[in-house]
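Peer 1: I would like the atomic coordinates for the input below:
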Amino acid sequence: MDAHELARWTRFAAKGGIGRCTAILDCVAQEMGEDLMFLKDDEIVVLMQLPELGFYLGYCEGVVGRFSGKDVRFHGKLKKPVMAKRGSMTSTASYGPNQAYTAPLSPPPRSPLPPLP
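Peer 2: Next up, the predicted model:
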C-alpha cells in the first residue's frame with residue numbers, strides 16, 4: 001500500500017469507516033505489511049469487507065491491515081459503503097474508500113465534418 005492510498009484509508013477511518021469492532025483476543029500479524037496486529041479490547045475501525053470470506057480491512061492504532069471477523073466483536077451491523085464519484089481527470093482506472101470505480105476517460109466526441117461545397 002503506497003503512502004497516498006494509506007492517507008486516504010486513514011481519512012476514511014477518521015470518519016468512522018463502515019463500522020467498528022472490538023478485538024476479543026490478541027492477534028499477531030501473520031504476514032507483515034498485510035495483516036493488522038491488535039490486542040484484546042482494542043477498538044478497530046472497519047474500512048471494508050474483503051473478497052476473502054470472513055476477512056476485513058481495518059484501522060487500529062494508526063495502522064491499516066486485514067483481519068479476520070472471527071477475532072472481533074462487531075458493534076452492530078456494518079454500513080454499506082457509499083460510492084461517491086470523484087471528479088478526476090486521470091488516465092488510469094482507480095478505486096478507493098468512498099470512491100466508485102472510475103474507468104479511464106475517453107476522448108470527447110468529434111464534431112462532424114463540415115459539408116463539402
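Peer 1: how about the strands in this protein?
Peer 2: Counting by DSSP state E, the chain has these strands, from start to end: 19-23, 43-49, 55-60, 63-68, 72-74, 94-96, 99-102.
Peer 1: how many residues are close by Glu52?
Peer 2: 9 (other Cβ atoms under 10 Å). No exception for glycine: its C-beta is placed from N, CA and C like everyone else's.
Peer 1: specify the beta-bridge partners of the closest residue to it other than its chain neighbours.
Peer 2: Of all residues not flanking Glu52 in the chain, Arg66 sits nearest, at 7.9 Å (Cβ to Cβ, 6 or more residues apart in numbering). Note on Arg66: beta-bridge partners Asp35, Leu57, judged by DSSP bridges.
Peer 1: hmm, Arg66 is touching Gly54, no?
Peer 2: No: judged on Cβ atoms under 8 Å, Arg66 makes no contact with Gly54 at a distance of 10.5 Å.
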